[in-house]
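>>> Sequence below, structure please.
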Amino acid sequence: MSQSNLLNLQMEGTPGSWIVEDMLFDILTAYLPIVSPVTALEAAQEIDKLFPSHRAEIAGEERESPGSFLAEFWDLFFRVTSQISYATDGMDRAVQLIQALHGLPSETIQLQGDRSAELWSDLPYMSMAWSERFNQTTELKKQRNLIGLRALMMNEDIGGGHARALRSLQNSFECELDSPDDPVVMQGHLPIALVWLEVSTLKLWQCCKEEALQQEDSAITIWEGKKGFSTARFQFWLDRLIQKEMRQGLDEVYAEQVERVLRNMTKIMGDKAAGAI
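Residues are numbered from 1 along each chain as shown. So this is what the prediction gives:
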């Protein structure tokens with residue numbers, strides 16, 4: 001596979017410390033550019049060939065456990081994709097690669113303890129690695145890219161994400177602001193929630209119509225309706241976002257995103273009123 005790195009992606013690790021990681025990184029950087037001739041299936045097959053029981057012996061490299069390989073691969077995957085804008089085709093290609101891995105021929109593998117999983121159909125360690133990488137990421141741009149990737153995955157019913165999206169929306173729209181430009185909300189929670197709402201408007205609306213996650217809720221919220229997703233709660237989020245004080249502390253780039261989100265949410269609510277959704 002080509003060694004090109006057209007997106008100038010960084011491993012953010014120590015190249016050479018694990019030869020297999022270097023090889024995985026080369027596969028990802030060759031595949032992810034939208035101009036790459038490498039298909040998702042081809043990249044997935046190359047990754048699968050590096051699984052401990054599938055690869056030929058590499059001089060100086062011991063075979064790691066299946067769990068160790070998967071944890072390291074998914075952490076690398078999310079380190080790399082956090083550098084790609086969630087609003088570009090490159091992130092769509094990342095999702096397509098996950099789907100291609102999920103569709104590879106399945107086999108049962110043993111994990112820690114007595115646990116087992118199907119490789120790759122269960123996508124073991126993927127969600128855990130995403131959460132750990134997100135929690136370790138402090139740069140807001142990368143956080144938003146990781147959320148955008150998770151939202152795109154949720155749109156394709158990969159790896160859940162619904163509960164995390166709900167918590168994000170609660171943190172942004174269901175707490176009292178200490179001031180009109182509360183930095184925790186305006187420059188922390190709200191920019192993250194906007195990604196969920198922009199990328200997954202229809203999926204979130206579907207969750208609301210189905211009244212999903214009725215047992216999920218935060219302890220502190222000004223929302224007084226039923227728990228979980230609901231159409232009334234969707235309307236509440238929209239109303240809160242429309243309020244001037246919810247937006248006046250935002251950077252200009254986020255203010256423009258708010259307008260796009262408002263148009264999408266308002267259209268959905270208008271379609272609902274017209275009986276179209």
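
>>> so where do the strands sit in the stretch 101-250 of the chain?
For the stretch 101-250 of the chain, applying DSSP state E, counting those that start in this stretch gives strands covering 107-110, 116-119.

>>> for the ones you listed, which one sits closest to residue 9?
strand 116-119 (25.3 Å; CB to CB). Yep, even glycine has a C-beta here, placed from its N, CA and C like the rest.

>>> most packed of the strands of the stretch 101-250 of the chain?
strand 116-119 (a mean of 17; mean count of other CB atoms under 10 Å).

>>> picking up where we left off before, to residue 95, which of the strands of the stretch 101-250 of the chain lies closest?
strand 116-119 (19.2 Å).

>>> other SSEs contacting the closest one?
Packing partners of strand 116-119 (3 or more CB pairs under 8 Å, 6 or more residues apart in numbering; DSSP states H and E): strand 107-110.

>>> Please name every helix or strand in contact with the strand it packs on.
Looks like strand 107-110 contacts strand 116-119 (3+ CB pairs under 8 Å, 6+ apart).

>>> any idea of the pLDDT on the closest residue to residue 4 other than its chain neighbours?
The shortest distance from residue 4 to any non-neighbouring residue, by CB to CB, 6 or more residues apart in numbering, is to residue 30 (5.7 Å). Looking at residue 30, its pLDDT stands at 96.

>>> separation between residue 30 and residue 235?
According to CB to CB, to the nearest Å, residue 30 stands 46 Å off from residue 235.

>>> Kindly report the same for residue 67.
Counting by CB to CB - residue 67 and residue 235 are separated by 44 Å.

>>> for residue 133, same thing?
From residue 133 to residue 235 the distance is 33 Å (CB to CB).

>>> quick one: which of these two has more around it?
residue 133 (20 against 16; other CB atoms under 10 Å).

>>> List the contacts of the more buried one.
When contacts are counted by CB atoms under 8 Å, 6 or more residues apart in numbering, residue 133 touches 75, 78-79, 82, 146.

>>> thinking residue 123 is in contact with residue 102, fair?
Yes - Residue 123 is in contact with residue 102 according to CB atoms under 8 Å; the separation is 5.9 Å.

>>> between the two, what contacts are shared?
Common neighbours of residue 123 and residue 102 (CB under 8 Å, 6+ apart) are residue 158.

>>> related to what we said a few turns ago, what about the residue nearest to residue 4, neighbour count?
If we define neighbours as other CB under 10 Å, then residue 30 has 20 of them.

>>> What strand or helix carries it?
helix 19-31 (DSSP states H and E).

>>> which other helices and strands contact that helix?
Helices and strands touching helix 19-31, by 3+ CB pairs under 8 Å, 6+ apart, are helix 40-49, helix 66-81.

>>> contacts for the shortest one?
Counting by CB under 8 Å, 6+ apart, helix 40-49 makes contact with 1, 24, 27-28, 30-31, 54-55, 73, 93, 96-97, 99-101, 103-104, 120, all of which sit outside it.

>>> buried subset of those?
In these, burial by neighbour count holds for 24, 27-28, 30-31, 73, 93, 96-97, 99-101, 104, 120, counting by 16 or more other CB atoms under 10 Å.
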